[in-house]
Structures are given as structure tokens and as C-alpha cells.
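Trainee: Give me a 3D structure for the following:
(one chain, ligands or ions: 1)
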Amino acid sequence: MALAFAHVPTMLAMIILSSLTTAGGMAVVGAERRHDGVQWWALGLLFNAVAHLLFALRGTIPDIFSIVLSNTLLMGVYLSLLAAVLQFQGRRLRRTAAVALPLLMAGCMALLADSYAARVVVAGLLLSSMNLWLLSCLITRWKTTGGRGAWLVVGALSFQTLVFALRIGLVGISSWVGAELMQSSAVQTLTFMSTFAVVLVASMGFVFMARDRADEDNRRLAAVDSLTGVANRRAVIAALDRDVARSIRTHEPMALMMVDIDHFKNVNDRYGHPVGDKVLCSVVEVLRERVRSQDLVGRYGGEEFMVLLPDTTAKGGYLLAQQLCEAVQALRLEHEGQPIPVTVSIGVYGGRLQPGDHWDMLISAADRALYEAKDRGRNRVEVVEALRRPASLVTANSGPETQPALF
Ligand SMILES: Nc1nc2c(ncn2[C@@H]2O[C@H](COP(=O)(O)OP(=O)(O)OP(=O)(O)O)[C@@H](O)[C@H]2O)c(=O)[nH]1
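Mentor: Numbering: from 1, shown residues only. Next up, the predicted model:
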């Protein structure tokens, strides 16, 4: 019984249509996020559609188009996909590769125009090498760019590499591979069906990669203060909540600092809001430079900042706050040759927490210390230490009992 294999022009039409529609969708998605490589990927799919259109026209147009140009465009497909992956990873494709590889493919195809079998081998080897290059780019950066999308891309490209290998291995058996492009055969059916599936699966994978990246960026942006780049109020309170729970669990002390710029309204009134913004950023720089990596600086609102200091006693928080006050005062900011004096007042709450202590109680306590610092003349630190007490005395709603620090 003769086996019926799929009709080659129909399969080519399916590839052309799927490439074009997927390219269109990705071009629209990529227009919003140009740095993720989606537009390069869409260009690759467009090349794929044109290459397969030229294949479909084999015999009706000159060989230079249906053999040489079509295979050169296939090389362009892989280079575009590579450029997409590299851009996604923050890298760029070398210009020499982008010029030399299509020229190499064009040269080989022109030389082998008379032998279909030789073209299957040479084009297969060149395109599988490109596939392996793409796979190695994805795999070697798996820690930073791996994920469910990358799995789909890797799976689809690996499968296609196997199909290329099979085609090369069976090229001598014309009943399996076909003696020419348009002849239906087992391998031809596998090749074009797999190309159809690979286009869809790998493109979907790359869209997932870009979408996961966008979600991650949005999550990060939602937690960052846009002016100063530190954690915003929501993020810093969430971190404080976690630190409080951890400190209660581990019995390690922690400290919280409320930092407020003194007479900041005068800075805005005198030099204008943009200069006020720069002052805010400079103060944040000082805070960020001087805290440890496990500490967190956040903007609580306006010109008020919070610094979370895990594993820190009230005394440790006090000493750091003193240094911060001095460092801010030492800032040499100026506007149009005029010095802008900047100082901060800091309230610190610190010590060992007890079950029942809550983040808002800590903020209130540090805030009280801050207003004490303001009352006592500004550019200074006031500290309140958590009072040690037996856990049995603490009720769920009690606030942190505090005492003014004596150091
Ligand atoms: N430039 C700028 N100003 C801000 C921003 N957020 C809040 N402010 C200003 O910060 C000022 C805070 O003023 P006040 O609350 O009176 O406090 P202050 O002048 O620093 O006085 P003390 O805190 O008592 O020393 C206001 O003028 C706000 O408009 C911001 O993002 N940029």
C-alpha cells in the first residue's frame, strides 16, 4: 500500500500564513517594548514567510530567487531570532555575523543549485548550527532569562535540530526525503509540519518570555519610588512587616529609622521644586551609600524616609543615625553658585521585639522620636528603645512599650 504524504504546497501555505499572522501579532506586542527583542523575532517570522513563499514558487520563478534568495532568507530568520534572544538578554548580534552568514548561505546555494541532495545537507548543517548557537545563548544564561517561555523555545528549537539531523542522515534515500523540494515524502512531511509547529511554539515561548519580563518590571516599578528609586511606601511597609515577624521569631533585635529633611519647604520655596527634587535624591544617595546590604531605605512620603535595620540594637541604630546626620550636613549642594544647606532629623526605634508588636506601632514609636528631634532643634537624633518585658505580659493589641534610650 502506497503511503500518502502531505501535499507540499499546502504545507508551505500553512507555514506562510502562520508566520505572517504570528509576525503581525508580535510586531504589535513588540511596539510597546522595543528592548525585549520581540520586533526582531517578528522580523524573523516575516523572513520565514517570504522564504517559504519563494520555495512555493520553485519552478515558476528563476532559481536565484527560489533557491539562493529563499535559503539566504532562512539564514536571515535564524539571525533575527538570535538578535531577538540576544537583545532580550541585553546583548547585540555582531554585525560581521549578520553580513557573513547570509553571504555564506547564498554562496553555497549558488554553487549547489544543481543538486537538491547537496543543498539539503549544506543548508541543514548551516541552519542546525544556527539553532545550536541560539540554544547555547538561551541555556548559558538560564539563570537570568530561563523560565516557562524559554523552555518552549528550547524545546521547539531542539526538536527542529533533530529534524534537520534526520533530513541530513536520510538524504541519500530519495523515497524518504524526496528527489526535489515539491515531491511529497515522509521526511518532507515531517520537515514542513515541524516547521509549522516550531514557528508557533517557539514564538509563543518568546512572547511568554517577554510577558514574564514585563510582569516582573511592573512588579518592580510598583514597589519603587519613581523620583528617588528607593522602595516606595507600600514596599517599605511590606518589608517592615516581614522584618518585624522575623525579629519576633528569631529574638534578634531590629531598628527602624524615620529620617526627615529639615525645613524642606524653604528649599522648595527658595530654589524651586526641581531643585527640591535633587536635594531629595542627594539625601537618598547618602542614606543608600551608608547602610548595609541587608538594610532597606524607603520613601515614607514627601521628604520623610524610613530605614529598616535588621539585627540592629537601638544603640546601633542611634550610632548609624548620627553618622547619617553628619554625612547629610557635609553634603556640598549648590544652586547657581549658592550653597544649599541641608540637614536631617532622625527618630530611631530599636531593640528586641515581642509577640504582638506590629509594624505600625514601630512607625509610631520612631515617628515620636523624630518629632522629639524636631522639637529639640533639628539636625539631631532621638532614640527610643523597646522595653524588655516578659512575653506573658504582652497582649495581641498592645503597642511596643518603650523607654527613652539612655546612651
Ligand atoms: N521638591 C519636592 N518637594 C516635596 C516633595 N514631596 C513633598 N515635598 C515638599 O516637602 C515640604 C514639606 O514641608 P513641611 O512638612 O512643612 O516640612 P519642613 O519644611 O521640612 O519642616 P520640618 O519638617 O518641620 O523641618 C512641602 O513643601 C512639600 O511640598 C517632592 O517629591 N519634591
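
Trainee: And the pLDDT for the one residue in the stretch 251-400 of the chain that gets nearest to the ligand?
Mentor: In the stretch 251-400 of the chain, the residue that lies nearest the ligand is G276 (2.6 Å; C-beta to the nearest ligand atom). Backbone N, C-alpha and C define where each C-beta goes, glycine included. G276 is assigned a predicted lDDT (pLDDT) of 97.

Trainee: Next, count neighbours for it.
Mentor: 20 (other C-beta atoms under 10 Å).

Trainee: what helices or strands is the host helix or strand of it leaning on?
Mentor: G276 is part of helix 273-290 when elements are defined by DSSP states H and E. Packing contacts for helix 273-290, counted by 3 or more C-beta pairs under 8 Å, 6 or more residues apart in numbering; DSSP states H and E, involve strand 254-261, helix 264-271, strand 296-301, strand 304-310, helix 314-329.

Trainee: Could you rerun that using 10 Å?
Mentor: strand 254-261, helix 264-271, strand 296-301, strand 304-310, helix 314-329, strand 334-335, strand 344-351 (3 or more C-beta pairs under 10 Å, 6 or more residues apart in numbering; DSSP states H and E).

Trainee: Determine if any part of the last one is in contact with the ligand.
Mentor: Pointing back at strand 344-351 there. No: Strand 344-351 does not reach the ligand (C-beta under 6 Å from any ligand atom); its nearest approach is 6.8 Å.

Trainee: so how far is that strand from its chain's centroid?
Mentor: Taking C-alpha atoms, centre = their mean, to the nearest Å, one finds the center of strand 344-351 at 35 Å from the center of the full chain.

Trainee: who does that strand pair up with?
Mentor: Sheet pairing for strand 344-351, assigned by DSSP bridges, gives strand 254-261 (antiparallel), strand 381-386 (parallel).

Trainee: for the record, mean pLDDT for the shortest one?
Mentor: Average pLDDT, strand 381-386: 92.

Trainee: how about that strand against the ligand, any contact?
Mentor: No: using C-beta under 6 Å from any ligand atom, strand 381-386 never reaches the ligand; the gap is at least 13.9 Å.

Trainee: between that strand and helix 314-329, how big is the angle?
Mentor: Put simply, strand 381-386 runs at 160 degrees to helix 314-329, going by axes from the mean of the first three to the mean of the last three C-alpha atoms, to 10 degrees.

Trainee: mind checking how far strand 381-386 is from the chain centre?
Mentor: That offset, for strand 381-386, works out to 40 Å (C-alpha atoms, centre = their mean).

Trainee: Then the first one?
Mentor: Mean-position distance between strand 254-261 and its chain equals 31 Å (C-alpha atoms, centre = their mean).

Trainee: got the CA coordinates for it in PDB?
Mentor: The C-alpha coordinates for strand 254-261 follow below in PDB (Å, rounded to 0.1, in the frame of the first residue of the first chain):
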ATOM      1  CA  MET A 254      15.900  45.400  64.900                       C
ATOM      2  CA  ALA A 255      15.800  49.100  64.500                       C
ATOM      3  CA  LEU A 256      13.700  51.500  62.400                       C
ATOM      4  CA  MET A 257      14.700  55.000  61.500                       C
ATOM      5  CA  MET A 258      12.500  57.800  60.400                       C
ATOM      6  CA  VAL A 259      14.500  60.500  58.600                       C
ATOM      7  CA  ASP A 260      13.000  63.900  57.700                       C
ATOM      8  CA  ILE A 261      14.700  66.700  55.900                       C
END
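
Trainee: Could you shift the numbering so residue one becomes 40, and keep it that way?
Mentor: Fine by me, first position is 40 from now on; the one you just mentioned is strand 293-300.

Trainee: Okay, angle between it and strand 335-340 too, please.
Mentor: 50 degrees.
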